[in-house]
Structures are given as structure tokens and as C-alpha cells.
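Colleague: dropping the sequence and predicted coords here.
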Amino acid sequence: MKKLTRKGQVLIFVCILIFMLSLGFVLVHFNNDQSNVEENQYEIQIVSEDQDIISTYVDSISSDKSSDDYQLCTINLDKDMQIGKYKLTQQQSFSKYLKLQGPKNQENLSSKIKQNVTHYAYSLLLTGDLQEKTNLKTKEKIYEVVNARITYDIVPIVLLSNENSVHIASQDKKKDKVMNLQDFINALKNIEQRKKLLTW
């Protein structure tokens with residue numbers, strides 16, 4: 001069998017290289033076409049922007065329970081959860097890391113009440129856009145929260161001795177009131193009640 005010359009070997013190598021490059025180009029082009037087809041199968045629009053989705057109560061932290069470690073706080077949205085006139089198509093989860101710290105120094109609850117704050121109550125608020133994704137072939141609509149962000153607020157409280165009630169103050173610390181502990185927690189879980197509680 002005749003041995004290939006160096007020139008022949010180079011020619012074969014160049015042919016193989018051209019073939020591989022051509023094959024790679026075809027595959028990339030095919031994948032891009034497939035992606036475009038998949039994107040074109042759906043019509044996407046935002047049906048609600050910057051909406052308050054859900055608020056939660058995390059915990060009430062005393063100085064003894066205070067920690068410098070970041071802890072994962074998660075908000076879960078259930079499938080079929082009602083957001084305005086729409087229902088979520090599937091379950092979604094969003095997370096934020098927080099340092100849950102209690103009061104470090106003696107802090108008066110209000111200008112009238114000289115009681116020291118015993119706990120900081122933490123509450124999360126999830127805000128985002130609601131996206132509607134319509135399958136152009138089946139006309140099926142999918143609703144999901146996108147562009148989500150979690151913010152948090154801290155409410156200074158005095159946990160009263162019976163541990164069934166809390167003493168809270170207004171934002172300017174000029175007014176104060178006593179609430180049932182469970183009512184206080186439920187208020188932080190309700191968006192409208194939470195707003196009133198944080199701004200009165």
C-alpha cells in the first residue's frame with residue numbers, strides 16, 4: 001500500500017477540518033431556529049406591574065435570639081393562588097437572606113411609654129409583575145410572578161408578661177396601643193392591614 005505524502009496528509013486534515021466546521025455551523029443554526037420556533041409559540045405580556053403579592057410574618061426576635069448569621073427566609077406561592085383576577089398556574093418560591101437580630105440596647109417603645117422594646121418583629125413583602133404566557137397553538141394561558149423582589153420591615157414591640165399581647169407604637173413614636181399577639185401576627189400577613197400597622 002502506497003504511503004501518503006505529507007502534502008496528501010495535510011489535504012486530508014484540511015478536508016476533515018472544513019467538514020467539522022460546516023457541521024458545527026449547521027447544528028448551531030438548527031438550534032437557533034428551534035429556539036426561535038419555541039419562542040414564537042408563545043405570546044407574553046405583563047398583566048399587572050409592581051403589585052404587592054403577599055406579606056408574611058417571619059418571627060419576633062429578642063436580644064437572646066439575636067444572630068449575626070444570615071438566615072434563609074422563603075416565601076411560597078401556592079398553585080391556584082388568586083392574584084387580582086388571575087390564578088397562578090404553578091407553585092413558585094422566592095427567598096431572601098436576612099440577619100434576624102433583636103434589640104441590642106435599651107430602646108423606649110414610644111415617647112409616652114418608657115417600657116423597653118423586648119423584640120423586633122420581622123415581616124416580608126413580596127412585590128413583582130404578573131406575567132401572562134399564551135400558547136398560540138392551544139390558547140392555554142400560564143400565569144406566573146416575574147421580576148419579583150422581597151423587602152422587609154422591622155416592628156419594635158414589647159411582649160407583655162402574659163405573652164398573649166404586644167405593645168406597639170406608631171411610626172413617629174407618639175402613639176401606642178396594645179394588641180393581641182395573634183391579631184398582630186395576622187395583620188402582618190395581610191397586605192392592607194400590614195400597611196396600616198406600619199404607617200399609623
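Modeller: Okay, I see it. Residues are numbered from 1 along each chain as shown.

Colleague: can we go C-alpha only for contacts and neighbour counts from here?
Modeller: Will do.

Colleague: what bridges to the residue nearest to the spatial centre of the chain?
Modeller: Centroid-nearest residue in the chain: Phe94, 3.4 Å away (criterion: Cα atoms, centre = their mean). For Phe94, the beta-bridge partners under DSSP bridges are Ile75.

Colleague: residues contacting it?
Modeller: Phe94 makes contacts with Thr74, Ile75, Asn76, Ala148, Ile150, as judged by Cα atoms under 8 Å, 6 or more residues apart in numbering.

Colleague: lowest-pLDDT helix or strand in this structure?
Modeller: Here the helix or strand of the chain ranked lowest by mean pLDDT, DSSP states H and E is helix 6-40, holding a mean of 65.

Colleague: three-state assignment of Asp172?
Modeller: Here Asp172 is recorded as coil under DSSP: H, G, I helix; E, B strand; the rest coil.

Colleague: neighbours around it, how many?
Modeller: By other Cα atoms under 10 Å, 11 other residues sit near Asp172.

Colleague: got any ranges where the protein has weak pLDDT?
Modeller: 1-4, 6-10, 25-40 (pLDDT under 70).

Colleague: the same query, at a cut-off of 90, please.
Modeller: Along the chain, segments meeting pLDDT under 90 span 1-40, 104-108, 110-115, 161-163, 171-175, 200.

Colleague: could you pick out the longest strand of it?
Modeller: Longest strand in the chain by number of residues (criterion: DSSP state E): strand 42-62.

Colleague: buried set for it?
Modeller: By neighbour count with 16 or more other Cα atoms under 10 Å, strand 42-62 contains the buried residues Tyr42, Ile44, Asp52, Ile53, Ile54, Ser55, Thr56, Tyr57, Val58, Ser60, Ile61, Ser62.

Colleague: most widely separated two among those residues?
Modeller: The span of the buried residues of strand 42-62, defined through Cα to Cα, is set by Tyr42 and Ser62 at 50.0 Å.

Colleague: the helix or strand harbouring Leu125 pairs with which strands?
Modeller: Assessed by DSSP states H and E, Leu125 sits inside strand 119-135. Its sheet considered, strand 119-135 pairs with strand 42-62 (antiparallel), strand 141-159 (antiparallel) by DSSP bridges.
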